[in-house]
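> Got a sequence here, can you model it:
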Amino acid sequence: MLRTTFRALVRAVALLSLAACAHADADDEQANPLKRMSLEQLSQIQITSVSKLPSTSFTTPAAAFVLTQDDIRRSGATNIPDALRLVPGVEVMQIDSAKWAVGIRGFAGRLSKSVLVLIDGRSVYTPLFAGVYWEMQDTLLEDVERIEVIRGPGGAVWGPNAVNGVINIITKHARDTQGALLAAGGGNVEQGFGRARYGGQHGPVSYRIWSKMLTRGPEYHSDGRNFDDWRRTQAGFRIDADPSQRDSFTLQGDAYESTVGTKLGVSFYSPPALINVEQNGYFFAGNILGRWQRAISPTSNVQLQFYWDRTERRDVNAREARNTFDIDFVHRFALPRNSITWGTTARFSPSRFTQTVSTVDFLPHEQTYTLWTGFVQDEIALVPRRLALTVGTKLEYNTYGGFDPEPDGRLAWTPNDNTTVWGAVTRAVRTPSRIEDNFQFTALAVPTLPLYIRLIGDGQFHREQMNGYELGVRQRLAPTLALSLSTFYNQYDDLLSVENRPPVVETAPAPTHLILPIFLRNGVRGNTRGAEFSGLWDINSWWRVQGSYSYVHLAMRNRPGSNDASTVRQLQGDSPSHKVVLRSAFDIARRFDLDLTYRYVSSIPDQRVEAFSTADARFAWRVRDLEFSVVGQNLLQPYHYEYGGSPGPLIGIKRAVYGKIEWRR
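Down below sits the predicted model:
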């Protein structure tokens, strides 16, 4: 029933958007031409992800990086993870056609458990497995205004799980997407995609409706098992109303259905067997978000936001249906030397797990995750326009982690208009998820005995803790040249470990078998240190060069009493130590773009991945309302390996080429 409803909704909105585009008035004013922002304009971009209080990207006291719509468009990226490859300090490794491992300053993994991801203020972090399913998170990329990436802890404002960073995807106001857009294309991996959007306005109310679809083929498989094809359909809307100078309202939502080819090892008791199952997973989701903002005075405003999110996962070895209800209130006001922000959040997330194989289970099958938070933050102008101190804390209570304070202190010194020096001391936590609280996963290890390994989450895992120390500087050396350097040292304690216990005999289900229990505990501690450097140079009006280098070193160790034999090696070997990105953007006359990107990623030992270099290229040609583009990805070799994750040999990420035609009016 749910699947049928989602499919009907997606198709209905898709037909509406296509029809609106087809009947767009030919005399409508053409959308503003795409234009590159100057370095000065880039430095003045307002970002909100550091403190929920708007500040410029140049003066904010955090390692902040903003991907603009122009960055996303010219990168040729067709999904959010590929766009994030451009951000210093963010590790993005592709697993197969539809899955990615993403981390910030280390701790990369399939679910990015230490990174909080938001889309227009809606958290997409799942409390089932602790993390983000990147293949499920998408929107119309042409409608993304910017992606704010905060490297480093953000728990004082955003709460738990913003341990190593925050990724905030912000879409455009509906008034900025007027008219029609149609885009379509395809290639050898991106086999086919289509996008449609129509925006209009009636008085103070602006709106848009949109839809998109994709069909993606498998990547390179040395064993010929091309299981990882991917199909997705999505549609959504946004309405913005500004009935007065004091009030604004937003109502938006989207729904999708997705089919993802997956390969998983599934264990059975009778007869004892471990079988690699290749099968499609089916995923359905929809959400509605409403936001009201009111300016109480020139120095005070409030915001009230509510969202509902429904997700249903039908994976190879498990099924889950989850509803999330979230309400968030924020109040900002200013005193002569203080800008104070405070707020509170309540979240309820009931879920139902359906067991499909006997070796994977959550008990109880139905559970409700609750979250209550409050935060306060004060930005103090110690010296107006030159020296600012920001202090604050988040107080939280949730189902799995209990009560957690997360304090934060940041200092920004701007000795002149071309320099900002900043530092921060922060505490953040990652709270337990359902996988650590009531999960059992059993895998056959020795068929002849038979011996099974059972991973058990029994509620004895507590929160992971991090104390972070950061120092950075931003410098405009000239009107066309800017540099940024961020350094960090993080101390971690109570990290997740797997602790062995003596084997036990289990008689049911038959036949009799041995179980080696492994319990989830807090047996690892350690530290990370590193630096991120980035620069931007407008060589002239038609040529921009950008570059970044990121370094991270992880030093982990077992706590006394831990017998975990694998986690330290995994943590230290699951993320690359070095990453280099170089980009060159040419504006050839007024009709042609040429964009070149080079990436180097050092080895990832625990994933058996060697260091690799690769390059992307994009060429675009505009004629009146049309843009034709050709994009080449991973051009330096037929395929390369980036990360493991499925049973069997590593999956190679192919050299890919696709063409695209886009019409706007």
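
> Could I get the CA-only coordinates of stretch 461-475 as PDB?
Taking Å, rounded to 0.1, in the frame of the first residue of the first chain, the C-alpha atoms of stretch 461-475 are listed here in PDB:
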ATOM      1  CA  PHE A 461      27.400   0.500  24.700                       C
ATOM      2  CA  HIS A 462      27.500   4.100  25.900                       C
ATOM      3  CA  ARG A 463      28.100   7.400  24.000                       C
ATOM      4  CA  GLU A 464      31.300   8.100  22.200                       C
ATOM      5  CA  GLN A 465      33.100  11.300  23.200                       C
ATOM      6  CA  MET A 466      35.400  13.700  21.500                       C
ATOM      7  CA  ASN A 467      37.200  16.900  22.600                       C
ATOM      8  CA  GLY A 468      38.300  19.000  19.700                       C
ATOM      9  CA  TYR A 469      40.900  21.700  19.300                       C
ATOM     10  CA  GLU A 470      41.100  23.800  16.200                       C
ATOM     11  CA  LEU A 471      43.100  26.800  14.800                       C
ATOM     12  CA  GLY A 472      42.800  28.400  11.500                       C
ATOM     13  CA  VAL A 473      43.500  31.500   9.400                       C
ATOM     14  CA  ARG A 474      41.900  33.000   6.200                       C
ATOM     15  CA  GLN A 475      43.800  35.600   4.200                       C
END
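
> From the chain's centroid, how far away is it?
Average the C-alpha atoms of stretch 461-475, do the same for its chain, and the two points are 19 Å apart (C-alpha atoms, centre = their mean, to the nearest Å).

> model confidence over it, on average?
Per-residue confidence for stretch 461-475 averages out to 94 on the pLDDT scale.

> in that stretch, what's buried?
The neighbour-count check on stretch 461-475 (16 or more other C-beta atoms under 10 Å) flags 461-466, 468, 470-472, 474 as buried. Where C-beta positions appear, they are placed from N, C-alpha and C, glycine not excepted.

> show me the contacts for the residue nearest to residue 134 when sequence neighbours are not counted.
Closest residue to residue 134 apart from its sequence neighbours, by C-beta to C-beta, 6 or more residues apart in numbering: residue 100 at 4.6 Å. Applying C-beta atoms under 8 Å, 6 or more residues apart in numbering to residue 100 gives the contacts 81, 92-94, 110, 134-135, 643.

> Check residue 100 and give its pLDDT.
Reading off the model, residue 100 has pLDDT 96.

> Looking at strand pairing, list the partners for it.
Here residue 100 sits in beta bridges with residue 94, going by DSSP bridges.

> Check residue 421 too.
Partner residues in beta bridges with residue 421: residue 413, residue 473, with DSSP bridges as the criterion.

> picking that back up, just name the closest of the buried residues of stretch 461-475 to residue 328, please.
Set against residue 328, the nearest of those by C-beta to C-beta is residue 463 (21.8 Å).

> Just to check, the closest one is in contact with residue 429?
Yes: between residue 463 and residue 429 there is a contact under C-beta atoms under 8 Å: 4.6 Å.

> Does residue 190 touch residue 213 like I think?
No: if you go by C-beta under 8 Å, residue 190 and residue 213 don't touch, sitting 11.7 Å apart.

> So between those two, which is more surrounded?
A count of neighbours by other C-beta atoms under 10 Å puts residue 190 above the other of residue 190 and residue 213, at 22 against 18.

> tell me the contacts of that one?
Going by C-beta under 8 Å, 6+ apart, residue 190 touches 78, 214, 216, 656, 658.

> Which two among those residues are spaced furthest apart?
Once C-beta to C-beta is applied, these give 214 and 656 as the farthest pair, at 13.2 Å.

> Residue ranges in this protein under the pLDDT threshold?
For the chain, the stretches with pLDDT under 70 are 1-36, 49, 51, 53, 155-156, 159-160, 401.

> Could I get the full set of helices for it?
Secondary structure of the chain (DSSP state H): helices at 2-22, 39-43, 69-75, 80-84, 155-158, 434-437, 567-573.

> Could you report the distance from the closest residue to residue 663 other than its chain neighbours to residue 626?
Leaving out its chain neighbours, the residue that sits closest to residue 663 by C-beta to C-beta, 6+ apart is residue 182, at 4.7 Å. Here the distance between residue 182 and residue 626 works out to 10 Å (C-beta to C-beta, to the nearest Å).

> re earlier: go through the buried residues of stretch 461-475 and name the one nearest residue 446.
Nearest to residue 446, judged by C-beta to C-beta, of these is residue 461 at 27.0 Å.

> My guess is the closest one contacts residue 496. True?
Yes: between residue 461 and residue 496 a contact is recorded at 6.8 Å, counting by C-beta under 8 Å.

> Overlap in contacts, those two.
Counting by C-beta under 8 Å, 6+ apart, the residues touching both residue 461 and residue 496 are 436, 520-522.

> What is the burial count for the closest residue to residue 130 other than its chain neighbours?
Taking C-beta to C-beta, 6+ apart, and ignoring the residues beside it in sequence, residue 130 has residue 433 as its nearest neighbour in space, at 3.5 Å. By the measure other C-beta under 10 Å, the count of residues near residue 433 is 24.
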